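Enquirer: Sequence and computational prediction follow.
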Amino acid sequence: TLTSYSIEYYPTSYTIDGSSAVTFTSSDTPVTTLNGSTVSALTETDTTTLELSASRTRLAADGTSQSTLTATLHAADGTPVPDDTEVTFSTDGGTLSSTTATTTDGSCSVTFTAPSTPQTVTVSASTSDAADAIEIWCIGPPRSISLEAIPLDAPADGSAVSTITATLYDINGMTVLDGTPVTFSTDGGTLSSTNATTTDGSCSVTLKSTEAKATTVTATSGVATETVEVLFTPCAPSSIELAIDPHDIVADGTSSATVAVTVRDEHGNLVANGTEVTLSTTAGTLADSTLTTTSGPASTTITSSTVAQDATVTATCEGIEKTAIITFTPGPPATIEATPDAGTLPADGASTTIVSAYVQDAQGNTVADGTIISFATSAGALSSATAETTNGIASVTLTAADTPQQIDVTASVGDVTDTTQIVCVGPPVTIGLSA
């Protein structure tokens with residue numbers, strides 16, 4: 001246990017009082033005594049600092065790129081060390097212009113030349129009482145690329161962009177040197193540039209598109225290549241395509257047609273799946289009044305009414321409206337009624353009357369215009385053996401027989417027939433009466 005001892009040191013001395021307190025006093029005797037006995041001589045040691053720096057710490061591993069290494073030395077009091085202080089340099093890779101140098105104004109330099117293979121090199125500088133070391137990265141050509149898109153999806157509106165950033169690494173995973181060229185390409189959309197050069201190992205371009213789809217961007221530099229996918233999504237609905245197939249069906253209450261609705265954005269892209277479309281019709285029956293889009297047209301069916309007419313189908317989506325017409329046409333003839341304008345004619349071989357056939361389908365609709373009706377007569381003469389319907393009516397002219405009789409006129413279409421009678425009467429008979 002220390003109690004009170006005196007340690008004398010030139011040019012100062014230290015007095016240890018107790019176990020921890022230390023004070024310094026001057027002395028001219030460079031001798032140390034401890035408890036009356038000489039222990040050792042203590043000498044003052046100056047502390048020298050050495051700082052090693054490089055003009056470039058990232059070089060191309062090409063066997064020619066260089067960096068200037070500078071060792072800066074200071075004495076303990078912060079002043080430069082004396083000129084001609086010798087400094088030793090060493091490296092575990094590449095070459096040095098010299099392994100020694102002497103200081104001028106406290107510093108000295110040598111030149112480091114990079115090796116021809118990518119590696120991290122440690123360069124050291126030292127004196128007898130100070131040393132420092134730094135690393136220099138000798139970087140090879142690109143061997144891999146990290147490609148990132150932010151955001152990964154964007155609206156296909158022609159203005160929203162995704163930023164594509166390529167970060168390039170050499171064989172050792174070090175980011176490549178500034179100015180390394182990178183080529184960008186895409187299978188859709190528009191790139192802000194197809195060429196860029198790296199800064200701090202990375203470079204960026206932007207991508208925009210008016211086409212809603214997954215778009216692949218490729219970055220290439222030397223043997224390194226990488227891809228990233230950006231999904232461009234549809235914008236809000238802008239137009240509706242409404243198609244009905246077939247355009248006309250029989251008005252029988254059972255015939256049907258397909259109603260297909262396609263909704264597109266302002267650039268012609270199909271809108272997002274699940275977009276809701278409402279449907280209505282002025283006649284007939286829709287199987288669905290609401291549809292949702294799924295990768296193309298959304299469809300349903302419309303069933304005809306029993307009344308021959310045009311029906312207007314309307315599709316509406318987010319305030320946008322589109323209409324289409326479907327025609328419910330008459331069915332085939334089911335009934336026919338033959339009717340003469342005059343039920344009697346003079347039997348003069350010259351008088352005429354119109355015989356009309358009224359033709360309807362099974363639902364009571366007048367048959368389609370142009371339906372051909374056949375006519376036949378038991379006497380007299382018809383203006384034509386056939387006639388076409390207009391608004392469900394076909395007509396011919398019957399010329400009376402020249403002898404009194406009943407004439408049967410038959411109108412037919414397919415298996416549907418009807419017969420009407422016209423009576424041809426002779427002139428009045430004069431009967432003389434005598435009393």
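Expert: All right, it came through fine.

Enquirer: Off-centre distance for the helix or strand that D310 is a member of?
Expert: Assigned by DSSP states H and E, D310 belongs to strand 309-317. Per CA atoms, centre = their mean, to the nearest Å, the displacement of strand 309-317 from the mean C-alpha position of its chain is 32 Å.

Enquirer: Buried residues of that strand, list them for me.
Expert: Neighbour-count burial for strand 309-317 flags A311, V313, A315, T316, C317 (criterion: 16 or more other CB atoms under 10 Å). For every residue, glycine as well, the C-beta is placed using N, CA and C.

Enquirer: residues making contact with it?
Expert: Residues from elsewhere that reach strand 309-317 (CB atoms under 8 Å, 6 or more residues apart in numbering): 237, 240, 242, 244, 251, 259, 261, 263, 271, 275-284, 286, 302, 305, 321-328.

Enquirer: Past that strand, which element shows up next along the chain?
Expert: Counting by DSSP H and E, what follows strand 309-317 is strand 320-329.

Enquirer: helix or strand right after that following strand?
Expert: Taking DSSP H and E, what comes next after strand 320-329 is strand 335-340.

Enquirer: Out of the contacts of strand 309-317, list just those in helices.
Expert: Using DSSP state H, no member of these falls within helices.

Enquirer: just the buried members of these?
Expert: 237, 240, 242, 244, 251, 259, 261, 263, 271, 275, 277, 279, 281, 283-284, 286, 302, 305, 322, 324, 326-328.

Enquirer: in stretch 123-138, what's buried?
Expert: V123, S124, A125, S126, T127, A130, D132, I134, I136, W137, C138.

Enquirer: Can you name the residues bridging to the fourth one?
Expert: Same thing as S126. With DSSP bridges as the criterion, S126 is bridged to T88, A131.

Enquirer: In contact with the nearest residue to V423 once chain neighbours are set aside, which residues?
Expert: In space, and not counting its chain neighbours, V423 is closest to T344: 4.7 Å by CB to CB, 6 or more residues apart in numbering. Contacts for T344 were tallied using CB under 8 Å, 6+ apart; they are I422, V423, C424, V425.

Enquirer: would you put the C-alpha positions of the host helix or strand of T122 in PDB?
Expert: For T122, the enclosing helix or strand under DSSP H and E is strand 119-126. Coordinates of the C-alpha atoms in strand 119-126 are reproduced here as PDB (Å, rounded to 0.1, in the frame of the first residue of the first chain):
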ATOM      1  CA  GLN A 119      -9.900  -6.000 -55.100                       C
ATOM      2  CA  THR A 120      -9.800  -3.800 -51.900                       C
ATOM      3  CA  VAL A 121      -6.200  -2.700 -51.300                       C
ATOM      4  CA  THR A 122      -4.800  -1.600 -47.900                       C
ATOM      5  CA  VAL A 123      -2.100   1.000 -48.100                       C
ATOM      6  CA  SER A 124       0.000   1.800 -45.000                       C
ATOM      7  CA  ALA A 125       2.400   4.600 -44.000                       C
ATOM      8  CA  SER A 126       4.600   4.500 -40.900                       C
END
